[in-house]
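Asks: Make a model of this:
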Amino acid sequence: MPKPLFYVGTAFCLFLAVAAVEGLTQQLHGAPLAFVAVHGNSVSTTLSAALGIVVTLFAGMAAAAILLRMAALLAARNLFAAFLTLFCVTAAVVSVAGVVLLQSRMLTLARRGTVMGEPVAELHFAAVMMLGYFLSMSFLALRPYFRIQASRFLSALVFFPLPLFVLILAQEMLVTGTRAPLPNVTPASLVYFGAVALLFFAIALHCIRHRHMFLEMTNLRELLESRVEQTNRERRIGGVAFE
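Replies: Predicted coordinates for the structure are as follows:
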């Protein structure tokens with residue numbers, strides 16, 4: 001993995017953790033749910049909102065590169081989990097791109113004074129829900145990697161986002177459905193953002209601590225060849241001792 005991409009991805013993981021904590025703090029003080037340029041039912045028309053759309057796109061791709069490197073390291077032990085992570089991370093990046101492109105369109109309409117219609121809000125809501133689902137699945141698919149390379153706390157924490165997301169989706173579809181572009185603020189959403197923030201922060205610390213695994217040129221063939229050589233060496237030593 002190239003060094004600039006690794007350090008940029010780690011920095012953006014920390015940035016996502018800080019942004020999630022900031023959003024969680026605002027929600028605890030009674031503010032509506034916000035995501036980049038959308039705040040509740042309104043769209044921000046400031047320059048910072050436009051810059052936030054661009055930063056979000058690059059942050060998503062940089063953080064995805066870190067997760068894909070973890071999937072590559074996991075492939076030698078669990079090929080199914082590696083392919084599942086590849087699919088989920090790719091779908092999450094596509095969802096992020098769709099959300100920010102839709103928000104850029106909404107930002108243009110808001111600056112022209114056009115009222116955002118209900119179909120646009122529903123489309124944005126569906127895109128955000130899809131992003132939350134694939135992000136939760138990405139964390140869950142990487143559990144074998146965290147169980148081997150990281151702590152037990154981190155490997156247990158990756159279980160929380162998916163059930164919390166299912167609870168948020170059930171509340172929106174069955175209990176308190178909203179026509180806003182973002183879901184309502186509920187205790188499940190607060191815990192979800194807290195878990196995601198803690199996960200991104202832990203991933204950034206893990207990358208800094210084990211940066212040699214991300215920076216070294218290691219592929220599946222090298223890992224398998226080293227394992228075969230070690231097995232043959234053990235067999236030769238055992239055979240000599242047996243003779």
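
Asks: Quick one: mean pLDDT for the top helix by length along the chain?
Replies: In the chain, taking DSSP state H as the definition, the longest helix is helix 79-111. The predicted model assigns helix 79-111 a mean pLDDT of 88.

Asks: Which neighbouring elements make contact with the helix or strand containing Leu205?
Replies: Assigned by DSSP states H and E, Leu205 belongs to helix 187-209. Helix 187-209 sits against helix 3-28, helix 47-74, helix 118-141, helix 152-157, helix 161-170, with contacts defined as 3 or more C-beta pairs under 8 Å, 6 or more residues apart in numbering; DSSP states H and E. All C-beta atoms are positioned from the backbone trio N, CA, C, and that covers glycine.

Asks: how about the longest helix of the chain: buried residues?
Replies: Residues of helix 79-111 classed as buried: 81-82, 84-86, 88-89, 91-93, 95-100, 102-104, 106-107, 109-110 (neighbour count, 16 or more other C-beta atoms under 10 Å).

Asks: Next, find the distance separating Met173 from Leu51.
Replies: Noted for Met173: a distance of 34 Å to Leu51, by C-beta to C-beta, to the nearest Å.

Asks: Same check on Val175?
Replies: In terms of C-beta to C-beta, Val175 sits 36 Å off from Leu51.

Asks: neighbour-wise, which of the two wins?
Replies: In this view Val175 and Leu51 are compared by other C-beta atoms under 10 Å, and Leu51 has more residues nearby, 12 against 9.

Asks: Can you tell me which residue sits nearest the middle of this protein?
Replies: Centrality entry for the chain: nearest residue to the mean C-alpha point is Leu135, 4.5 Å, by C-alpha atoms, centre = their mean.

Asks: Confirm for me that Leu57 is in contact with Val99.
Replies: No - taking contacts as C-beta atoms under 8 Å, Leu57 lies outside contact range of Val99: 9.4 Å.

Asks: related to what we said a few turns ago, give the buried residues for the helix holding Leu205.
Replies: Buried residues in helix 187-209 (16+ other C-beta under 10 Å): 188-193, 195-207.

Asks: How far does that helix sit from its chain's centre?
Replies: 9 Å (C-alpha atoms, centre = their mean, to the nearest Å).

Asks: Show me what the helix or strand just after it is packed against.
Replies: Scanning forward in sequence from helix 187-209 by DSSP H and E, the next helix or strand is helix 211-215. Helix 211-215 is packed against helix 3-28, helix 47-74, with contacts defined by 3+ C-beta pairs under 8 Å, 6+ apart.

Asks: Fine, thanks again, bye for now.
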